[in-house]
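*Asks:* Any chance you can model this:
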Amino acid sequence: MDRLHELKSPKDIIKQMMLKDEFSKWLGIQVDAIDHGRCSLSCTLRKEMLNGFSIAHGGIAYSIADTTLAFAANSYGYQSFSIETSISHLQKVKEGDRLIAESEEIHRGKKTGVYHVNVKNQHDELVAIFKGTVYISKITW
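*Replies:* Down below sits the predicted model:
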């Protein structure tokens, strides 16, 4: 049996990650789909997530995208840590909006991985684009 099949399943890894992830719990993140290198998460914007302009704080879209990156990268069973991320906010998000973040694995090598995450609202409108690079450790889940 090869090493990959000895590791935990992507669902088991995410469950383990969520046990101590109080911030993602606070965000109300729902795992909609998870597989090796792929993840889809969603959450609904609450009043305490708004900034002084009564729109979502930019950190909310960033946070759901960053969590999507983390879950996708860790889904193979090796602990992975972001080393570079960026986001472009394309339109405002309001209280009650539902954010859906979906990752795409662009590259996965022996030591690094690159992921792209689209964040859309409940109307399937693109609200943010996120890119992240992770370091892939040899530490297993």
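
*Asks:* Run the chain-centre distance for stretch 49-63.
*Replies:* 17 Å (CA atoms, centre = their mean, to the nearest Å).

*Asks:* Return the list of helices and strands in contact with the helix or strand containing residue 82.
*Replies:* In this structure, residue 82 is located in strand 78-89 according to DSSP states H and E. On a contact count with 3 or more CB pairs under 8 Å, 6 or more residues apart in numbering; DSSP states H and E, strand 78-89 meets helix 58-74, strand 126-140. Every residue, glycine included, has its C-beta placed from N, CA and C.

*Asks:* what's the angle between the shortest one and helix 58-74?
*Replies:* Pointing back at strand 126-140 there. 40 degrees (axes from the mean of the first three to the mean of the last three CA atoms, to 10 degrees).

*Asks:* Distance from the chain centre to strand 126-140, please.
*Replies:* 8 Å.

*Asks:* most tightly surrounded among the helices and strands packed on strand 78-89?
*Replies:* Of the helices and strands packed on strand 78-89, the one with the most neighbours on average (mean count of other CB atoms under 10 Å) is helix 58-74, at a mean of 23.

*Asks:* quick one on the thing from earlier: for the helices and strands packed on strand 78-89, could you give me JSON lines that also reports mean pLDDT and distance to residue 7?
*Replies:* Shown next, in JSON lines, are the helices and strands packed on strand 78-89 (pLDDT from 0 to 100; distance: least, CB to CB, whole Å):
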{"stretch": "helix 58-74", "mean pLDDT": "98", "distance to residue 7": "11"}
{"stretch": "strand 126-140", "mean pLDDT": "98", "distance to residue 7": "6"}
